[in-house]
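Visitor: please work out how this folds:
(4 chains)
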Number of protein chains: 4
Amino acid sequence: MEFAYLGPRGTFTEAALRRLPAAKTATATPMSSIPEVLDAVRRGEVDAGFVPIENSQEGTVTVTVDELVGGDPLVIAGEIVLPVTMVLASHKAPDAIATVASHPHALAQTRGYLRRELPNAVVHQALSTAQAAQRVADGEFDAAVCAPFTAEAVGLPVQAFNIGDNPSAVTRFVHVVRPAAPPEPTGNDITSLVVYIEHDQVGALLNVLTELAIRGINLTRIESRPTGEALGRYAFFLDCTGHLADARMGEALMGLRRICADVRYLGSYPRDNADRPVQPPQGLSDAAFSDAAAWLDSLRGTGNA
Amino acid sequence: MEFAYLGPRGTFTEAALRRLPAAKTATATPMSSIPEVLDAVRRGEVDAGFVPIENSQEGTVTVTVDELVGGDPLVIAGEIVLPVTMVLASHKAPDAIATVASHPHALAQTRGYLRRELPNAVVHQALSTAQAAQRVADGEFDAAVCAPFTAEAVGLPVQAFNIGDNPSAVTRFVHVVRPAAPPEPTGNDITSLVVYIEHDQVGALLNVLTELAIRGINLTRIESRPTGEALGRYAFFLDCTGHLADARMGEALMGLRRICADVRYLGSYPRDNADRPVQPPQGLSDAAFSDAAAWLDSLRGTGNA
Amino acid sequence: MEFAYLGPRGTFTEAALRRLPAAKTATATPMSSIPEVLDAVRRGEVDAGFVPIENSQEGTVTVTVDELVGGDPLVIAGEIVLPVTMVLASHKAPDAIATVASHPHALAQTRGYLRRELPNAVVHQALSTAQAAQRVADGEFDAAVCAPFTAEAVGLPVQAFNIGDNPSAVTRFVHVVRPAAPPEPTGNDITSLVVYIEHDQVGALLNVLTELAIRGINLTRIESRPTGEALGRYAFFLDCTGHLADARMGEALMGLRRICADVRYLGSYPRDNADRPVQPPQGLSDAAFSDAAAWLDSLRGTGNA
Amino acid sequence: MEFAYLGPRGTFTEAALRRLPAAKTATATPMSSIPEVLDAVRRGEVDAGFVPIENSQEGTVTVTVDELVGGDPLVIAGEIVLPVTMVLASHKAPDAIATVASHPHALAQTRGYLRRELPNAVVHQALSTAQAAQRVADGEFDAAVCAPFTAEAVGLPVQAFNIGDNPSAVTRFVHVVRPAAPPEPTGNDITSLVVYIEHDQVGALLNVLTELAIRGINLTRIESRPTGEALGRYAFFLDCTGHLADARMGEALMGLRRICADVRYLGSYPRDNADRPVQPPQGLSDAAFSDAAAWLDSLRGTGNA
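Guide: This is a model prediction of the structure:
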């Protein structure tokens, strides 16, 4: 089994990939951009891709979502949610640091720390945290803001741990494959969708949410984006609790299919959190759906039940 | 084919029954109460019953509804909606009328006329409009308020036509049979239901209506009644547009079955109004349901559609 | 203080009136019909009227509701809910009874008992339970089905108590006055309304219920009726939990006023049940409304809160 | 009047600022990051800030939103939506270009063009499109992907116009001030909000949308984000049609205030699109709100209306 992932080596993405069960015995090749990773999957050059899709610094990684939505179909087969921990990597003690470099997002995320602890250091932007660390290792700057394993990879000591302003910051990565039946339901799954509605009407969005709510399906994420295609056509990216194989998810998907301008299924996969499987609400189990179908069949056949 | 109907002969019920296509070539036996009619159907003594279920004077005919809901199952196979036209039947001219008799409901319905045109007449209550007309024919009272055919049946001239205060008053009758598959859909059908919910929560009723609304099903009648069974258990009598055989009605019924304490199906039958068959709303035709089911099957099989 | 009520003396209505606190020291005059009672109130001949509005046998007393909705305005200032207990009143023991008389509704309500215990008795309909009892007292029939106090009034012994098929049957009566500010809120109140919507759309009814639900207002009764005025115009009779003086009820009423073709307020009054006052749901107390209004004022004034 | 904006000079942000009516006669100072701009506003060093908040490449500019939501309050007083047009800036003809540089987002946005027209060029990432253009001007790379005015600013000829893969790409910028009463309503306004709900329940989000929908308020944008504060607490960023001064917006805001864990108002301001002012839906004008309030006052005072 072969994975491609967003490189370079030594970043959070590689650290997250190591945690993915499906990648345990796989070979893993870094690539220089998200589109390259996903195109390699599409062309069958690798079995699977692994890329960030959402993080606490940037919000949605739009290029990943755009790639999943456009072009030849791909589906998500798994997710990993990784805490983002930033360190100050330097050969010098903090009070001797005159210059600090990192990617703009990492600098934004540690702004409170830098203002407080290194108020006089000059800040430089780099193309990635890995590049910043390398340039510190090369002597160009005094310190880098980066992940612990990035510091380790270039041989820089850590002067301060956990310097992020938001200690609960996480990045979410997805395991992407060519269209295939999803992994088995675990009882704690996510189904990702994009639905398109024709108008910027809150009524249309209410209808979408109602199709989910009456089947006991929750949202863990929603994001609207104008599609640019035509006046008033909107796309909504939804992460829903539940699995394609669940009766209630099936009925909800059919409902969305009927009322939306378009629905694109992006995969069902186990949720990466500590939660145990949860039972569906009363009346929404597969058994309740079977019972209701049998009752309807009886009514249609004999007028009695 | 044999019908039983609520007698006596010469009432609105008999007039309505004559309009029912299914009764064209049937024999018809009057019975003295609604429970007798329906029990005769239950016991197989007749093929079908015909009774009033709702009218402009009394609202719901509760005894009919209670009989349909309790006891051995029956279903509605047809309806007739009959305009209610009242006449003043008498051998005397209006200004010579000193006493007028009728059923209390008919008196209530013509109260405006009687006050205006017969302000000095003494009003007497009778057990039915037919009994009142007979007592006028027998010379006990001067005039009766009754239907035109009732006056005709006892040989009384009509002194004034259309004396009802509400010229659009109607009575609705139902054709009731033992449980059986419903008549074929016509595109303009009603499905009658009783749903039970556990609490007097508007939220629970909203959920019921939402199950209907998202499938494009309208209500032509709703009525709540406490069931008396337990604190807070409510029954709702619903007349819904659509037919048991419609995909959208099937899905709505299954939804109600899952979320309600109980659902009792009371039949699908052609609506007796002048409306033409109407197309289901976009996305809610049987074809749209089939398309969505095929799409879901494809997703479940291959992850693609 | 003077009340008019639906007579004759000795019926359930008089028994209920005796329980109404506002009528404790009032004189009470029976009248022969509901319209007469309400017209006497309208014309100022009495201070208040007392009439049945809903019962377990007949459902809604349509004539009462129609009178409240049409003509000069009246409002409900109180309600009494009275258990309906039927007895078999006769000088003879049950096995010697050959004829039994009552009002058709009372006969319907005791049908199970009569079939089981008096299978051979001939049943006669009367205009009222009081009339039936009088005719038994006069020797015309052997037994009457009526209320205990009716039997007592005409001096008939009771052969069997509680013979109703539904032991939890009740009748609900209302205390009606000319328009006036309602009685003080008790925390356990009902507000009665009629709302009109233009079409028989479940969507329109959903909107009405949503206006109530988002303010935490429940329904204890709902009933639709075609208005007969124009194609598709429907009236809904609603009994809602809460009082006109509540902030949340006020906002809900204003919402209904804006979205409905018409709204008619029929009064706020204490609920006649054993329940204690209940707190409004979180966020829906008068205090929560005041807080939100102050917050909005601050935003509008300064952009800050 | 003094503005600070996200620099450097010569970017889309400066081009957008030039279009803002409120900035016509203002001095404008570029700053090196969004937090610096907004802090300068907070400290009163400038009167207003101007920063990107959303764009077709990246989606939401999370740092802007985070700054608006956290720290001392700021509000949005205006928006500018600017089409994003990308050019290929180079002294060489396309077929002679061996290296091309730009910011990763600009490269992603022109990926189709670069693949098709410059399939053999080596792509280099830069910290900004302005930096890329400067390095091309300095001779380090052959070509830059940037905005037309950026090419002009560094004296580079344009070899190809409109090379973006999505010709309708736009960036949205906001004019930010210290809390103040909003600009006058124009009839075509946006109100920006953040609402917090305690659980990841679709039901809670449905309630939020319902508070908007029943007041005829649409959404032009919705985005959820976990707050990181506590398990299951979610923030929703909403752009709503309407103005703080509208009666219906006021009632909706009060409703959200009551049902949400928290609501943060981020400003009401004219929408930057070609649309004319639109009338509120029937029943939701300020006049309809006044009428309903007067009706309620009358009911509360006299029981009549």
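Visitor: now do the contacts for the closest residue to A:P185 other than its chain neighbours.
Guide: The shortest distance from A:P185 to any non-neighbouring residue, by Cβ to Cβ, 6 or more residues apart in numbering or on different chains, is to A:H243 (3.9 Å). Bear in mind the C-beta positions are built from the backbone N, C-alpha and C, glycine included. Residues in contact with A:H243 (Cβ atoms under 8 Å, 6 or more residues apart in numbering or on different chains) are A:P182, A:P185, A:T186, A:D189, A:T191, A:M249, A:S268.
Visitor: from A:I76, how far off is the fourth one?
Guide: Note on A:D189: its distance to A:I76, by Cβ to Cβ, to the nearest Å, is 11 Å.
Visitor: repeat for the second one
Guide: Taking Cβ to Cβ as the measure, A:P185 falls 15 Å from A:I76.
Visitor: looking at the two, which has the bigger crowd around it?
Guide: Between A:P185 and A:I76, counted using other Cβ atoms under 10 Å in any protein chain shown, A:I76 has the larger neighbour count: 22 against 18.
Visitor: any idea how far that one lies from A:P183?
Guide: 10 Å.
Visitor: and what of A:G59?
Guide: Per Cβ to Cβ, A:G59 is found 27 Å from A:P183.
Visitor: what's the neighbour count on the nearest residue to A:E36 once chain neighbours are set aside?
Guide: Leaving aside its sequence neighbours, A:E36 sits nearest to A:A4 (Cβ to Cβ, 6+ apart; 7.6 Å). Neighbourhood size, A:A4 [other Cβ under 10 Å]: 24.
Visitor: what of the one 5 residues further on?
Guide: Around A:R9 there are 14 other residues, counting by other Cβ under 10 Å.
Visitor: secondary structure class for it?
Guide: coil (DSSP: H, G, I helix; E, B strand; the rest coil).
Visitor: that one and A:P30 touch, don't they?
Guide: Yes: between A:R9 and A:P30 there is a contact at 5.4 Å, judged by Cβ atoms under 8 Å.
Visitor: shared neighbours of these two, anything?
Guide: Common contacts of A:R9 and A:P30 (Cβ under 8 Å, 6+ apart): none found.
Visitor: how about the residues of the stretch 101-250 of chain A by chain D?
Guide: A:104, A:108, A:111, A:125-127, A:166, A:168-170, A:200-203, A:205-206, A:209-210, A:212-213, A:217-225, A:228-229, A:236 (Cβ under 8 Å from any Cβ of the partner chain).
Visitor: for the residue nearest to A:E36, give its distance to chain C.
Guide: Counting by Cβ to the nearest Cβ, to the nearest Å, the gap from A:A4 to chain C is 49 Å.
Visitor: tell me the SS of the residue nearest the centre of chain A?
Guide: Centroid check for chain A by Cα atoms, centre = their mean gives A:I53 as the closest residue, at 3.5 Å. Put simply, A:I53 is strand when judged by three-state DSSP.
Visitor: ok, now which ones touch it?
Guide: By Cβ under 8 Å, 6+ apart, the contact set of A:I53 is A:T60, A:V61, A:T64, A:V65, A:E79, A:R172, A:F173, A:V174.
Visitor: ok, now with 10 Å
Guide: The contact partners of A:I53, taken as Cβ atoms under 10 Å, 6 or more residues apart in numbering or on different chains, are A:34, A:60-65, A:68, A:76, A:79, A:171-174, A:176, A:192, A:221, A:237, A:239, A:266.
Visitor: ends of stretch A:160-172, how far apart?
Guide: 24 Å (Cα to Cα, to the nearest Å).
Visitor: could you do stretch A:24-33 as well?
Guide: Using Cα to Cα, one end of stretch A:24-33 lies 23 Å from the other.
Visitor: buried ones in that stretch?
Guide: Neighbour counts over stretch A:24-33 (16 or more other Cβ atoms under 10 Å in any protein chain shown) mark A:A26, A:A28, A:T29, A:P30, A:M31, A:S33 as buried.
Visitor: what's the separation between the fifth one and B:N55?
Guide: Spelled out, that is A:M31. Counting by Cβ to Cβ - A:M31 and B:N55 are separated by 76 Å.
Visitor: quick one: strands adjacent to the lowest-mean-pLDDT helix or strand in chain A?
Guide: The helix or strand of chain A with the poorest confidence is strand A:59-60; it has a mean of 74 (mean pLDDT, DSSP states H and E). With DSSP bridges as the test, strand A:59-60 is paired with strand A:48-55 (antiparallel).
Visitor: wait, A:E184 sits on A:A245?
Guide: Yes: between A:E184 and A:A245 there is a contact under Cβ atoms under 10 Å: 7.8 Å.
Visitor: joint contacts of these two?
Guide: Residues touching both A:E184 and A:A245 by Cβ under 10 Å, 6+ apart: A:S268.
Visitor: which of the two has more neighbours?
Guide: Between A:E184 and A:A245, A:A245 has the larger neighbour count (other Cβ under 10 Å), namely 17 against 10.
Visitor: quick one: contacts for A:P35?
Guide: A:R42, A:V51, A:V63, A:T64, A:D66, A:E67, A:G71, D:L107, D:A108, D:R111, D:R115.
Visitor: tell me the one among those nearest to chain B.
Guide: A:R42 (12.7 Å; Cβ to the nearest Cβ).
Visitor: let me see the contact set for the closest residue to the closest one other than its chain neighbours.
Guide: For A:R42, ignoring the flanking residues on the chain, the nearest one in space by Cβ to Cβ, 6+ apart is A:D72 at 5.0 Å. By Cβ under 10 Å, 6+ apart, the contact list for A:D72 reads A:L38, A:D39, A:V41, A:R42, A:R43, A:R178, A:P179, B:N304.
Visitor: ok, of these, which come out buried?
Guide: Among these, those scoring as buried are A:L38, A:D39, A:V41, A:R42, A:R178, A:P179 (criterion: 16+ other Cβ under 10 Å).
Visitor: now do the third one, the pLDDT please.
Guide: It stands for A:V41. A:V41 carries a pLDDT value of 97.
Visitor: among the contacts of A:H243, which one lies nearest to chain C?
Guide: Nearest member of these to chain C, counting by Cβ to the nearest Cβ, is A:M249, at 24.5 Å.
Visitor: and the helices in the stretch 1-150 of chain A, which stretches?
Guide: Secondary structure of the stretch 1-150 of chain A (DSSP state H, counting those that start in this stretch): helices at A:12-19, A:34-42, A:62-69, A:104-109, A:111-117, A:129-137, A:148-154.
Visitor: now the ones you listed in JSON lines, with distance to A:Q282?
Guide: Listed next are the helices of the stretch 1-150 of chain A as JSON lines, based on distance: least, Cβ to Cβ, whole Å:
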{"stretch": "helix A:12-19", "distance to A:Q282": "35"}
{"stretch": "helix A:34-42", "distance to A:Q282": "40"}
{"stretch": "helix A:62-69", "distance to A:Q282": "34"}
{"stretch": "helix A:104-109", "distance to A:Q282": "43"}
{"stretch": "helix A:111-117", "distance to A:Q282": "46"}
{"stretch": "helix A:129-137", "distance to A:Q282": "48"}
{"stretch": "helix A:148-154", "distance to A:Q282": "46"}
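Visitor: and the residue of the stretch 1-150 of chain A nearest chain C?
Guide: Closest residue of the stretch 1-150 of chain A to chain C, Cβ to the nearest Cβ: A:G112 (23.8 Å).
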